[in-house]
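**Student:** Provided below for reference: sequence and predicted model.
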Amino acid sequence: MELTLKVIRDTVFKQQPIDSTQIEDPNDKYEIDAGAELVLHSWANLAEEEGHLRVAFLENTFNGRNTWYAYIGHVEIWQDDTKIFPDPPPPPPPPVSILVKDVKACTTSVVKKLDRQIIEEMNQIIPNALVNFEDLNVLNGPAVWALLQPPAKAALQRAIQDRGLPMTINSAYRTIAQQLILYNHYRNRRCGIPVAAYPSRSNHQSGLAIDIQDYWSWRPYLERRGWRWLGPHDPVHFDYVGGGTRDIRSLAVLAFQRVWNKYNINNRIAEDGDYGPITNSKLNYSPIEGFGTSIRPDNGGDIPYRILRLSDPFMQGPDVSIVQKALADAGFNLIVDGLYGPGTQTAVKQFQSRKGLEVDGIVGPATRAQLGLSGNKQVGQSSFVSVDLISQTQEISPIQEQNFES
Ligand SMILES: [Zn+2]
């Protein structure tokens with residue numbers, strides 16, 4: 001890592017943070033031309049020295065001194081290839097998690113990222129438990145997971161080939177997260193859902209069901225290939241009954257339990273494939289954007305913390321994000337990304353320097369206290385677990401979905 005001061009306009013380095021015309025001793029100022037690039041030992045942008053940076057050069061001295069003030073309008077600070085002063089890219093706001101239980105939108109497509117984690121886990125437990133059928137001659141609605149068990153896909157392919165027309169599909173595989181959202185809507189009398197199956201009981205969770213348009217025309221082609229029409233009370237729905245399939249509903253539950261446990265090592269649940277009240281509660285408290293993507297944006301609550309320092313590989317986790325956010329709130333330039341990299345270390349050192357702490361770039365109890373983060377419980381590094389913390393509800397604007405039957 002190298003810090004560089006780039007002089008972008010002809011300027012005067014000064015021993016005091018005032019206008020150079022007010023400095024009388026010629027040894028206390030030094031003219032320098034635009035284009036100069038000087039390696040820095042450190043720098044500070046301190047509020048009480050408004051309009052100036054204090055810079056300490058690593059290799060250069062001017063008038064025998066290596067520490068000077070520079071007017072902020074005339075210089076830039078670069079860390080390797082990244083400009084960190086002025087105007088660093090604003091740190092992206094930490095994403096705010098929306099939990100499954102808080103989804104009020106009438107579409108289940110909002111939970112697709114969590115769905116994907118569950119589906120990937122299913123296919124890790126049993127390869128090709130579900131296969132994608134988007135390669136067939138089909139038109140799928142936006143919330144559709146185009147997944148079926150392999151024999152059901154093969155039979156669907158033959159039916160479509162028999163008729164020689166594209167099939168429009170409004171629902172196929174449904175994850176337990178999607179089903180729980182529908183079930184919650186039903187329980188809360190939202191979205192006009194008259195009835196919804198409890199998660200893991202819907203036949204759309206078997207990977208053997210489809211809801212289609214133009215069902216009357218398709219019915220003979222599908223029935224010839226092992227698909228059964230459910231009947232006039234749910235005329236869009238067909239189930240594959242042709243055999244060679246398995247009941248994957250408990251597999252979906254097991255997959256969710258395993259995903260939950262990967263990201264909540266201190267709050268594990270049984271991996272039994274059984275959709276009981278505990279699994280239901282954990283699914284309700286899962287973030288719709290999937291695990292591992294966000295942290296609580298406020299103070300972090302009871303996140304345990306480690307002693308943070310620059311290391312290889314970088315330390316990573318919500319405790320890092322919390323320290324970064326506290327530093328950013330204190331006016332330091334850094335990206336809140338949960339990685340304790342060189343930029344974070346630089347900001348920590350600047351903060352320690354400002355507070356009169358030992359400038360070691362290590363965030364221990366003293367530095368935490370000065371950052372206003374002293375309340376949490378410290379844990380040893382080896383036992384630290386990256387807990388996916390979730391929070392704040394946020395209503396999503398409703399988007400109507402075409403199909404809600406159970
Ligand atoms: Zn259906």
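**Tutor:** Done, it's in.
**Student:** what bridges to the residue of the stretch 201-350 of the chain found nearest the ion?
**Tutor:** Nearest to the ion in the stretch 201-350 of the chain, going by Cβ to the ion, is His237, at a distance of 3.4 Å. Just so you know, the C-beta spots here come from the backbone N, C-alpha and C atoms, and that holds for glycine as well. Residues in a beta bridge with His237, per DSSP bridges, are Asp211.
**Student:** what residues are up against it?
**Tutor:** 203, 209-211, 229-230, 405 (Cβ atoms under 8 Å, 6 or more residues apart in numbering).
**Student:** what of Gly164?
**Tutor:** Going by Cβ under 8 Å, 6+ apart, Gly164 touches no other residue.
**Student:** tell me the spacing between Glu76 and Leu38.
**Tutor:** Going from Glu76 to Leu38 by Cβ to Cβ, to the nearest Å gives 11 Å.
**Student:** ok, Leu339 next?
**Tutor:** 28 Å.
**Student:** among the contacts of His237, which one has the most neighbours?
**Tutor:** Ile210 (27 neighbours; other Cβ atoms under 10 Å).
**Student:** tell me how far that one lies from Gly242.
**Tutor:** On the measure of Cβ to Cβ, Ile210 and Gly242 end up 13 Å apart.
**Student:** what of Ala159?
**Tutor:** Distance, Ala159 to Gly242, using Cβ to Cβ: 11 Å.
**Student:** neighbour count winner among these two?
**Tutor:** Shown here are Ala159 and Gly242; by other Cβ under 10 Å, Ala159 has more neighbours (21 against 15).
**Student:** what touches both of Ile210 and Gly242?
**Tutor:** Trp227.
**Student:** list the beta-bridge partners for the residue in the stretch 51-200 of the chain that the ion sits nearest to.
**Tutor:** The minimum distance from the stretch 51-200 of the chain to the ion, using Cβ to the ion, falls at Ser171 (5.6 Å). Listed by DSSP bridges, the beta-bridge partners for Ser171 are Asp211.
**Student:** pretty sure it sits against Leu147.
**Tutor:** No: counting by Cβ atoms under 8 Å, Ser171 stays clear of Leu147, with 11.3 Å between them.
**Student:** just to revisit the earlier point, among Leu339 and Leu38, which residue is more densely surrounded?
**Tutor:** More neighbours surround Leu38 than the other of Leu339 and Leu38, with 21 against 16 (other Cβ under 10 Å).
**Student:** looking at this, that one is in a helix?
**Tutor:** No: counting by DSSP: H, G, I helix; E, B strand; the rest coil, Leu38 is not part of a helix but strand.
**Student:** what sits against it?
**Tutor:** When contacts are taken as Cβ under 8 Å, 6+ apart, Leu38 is in contact with 4-5, 7, 55, 57, 59-60.
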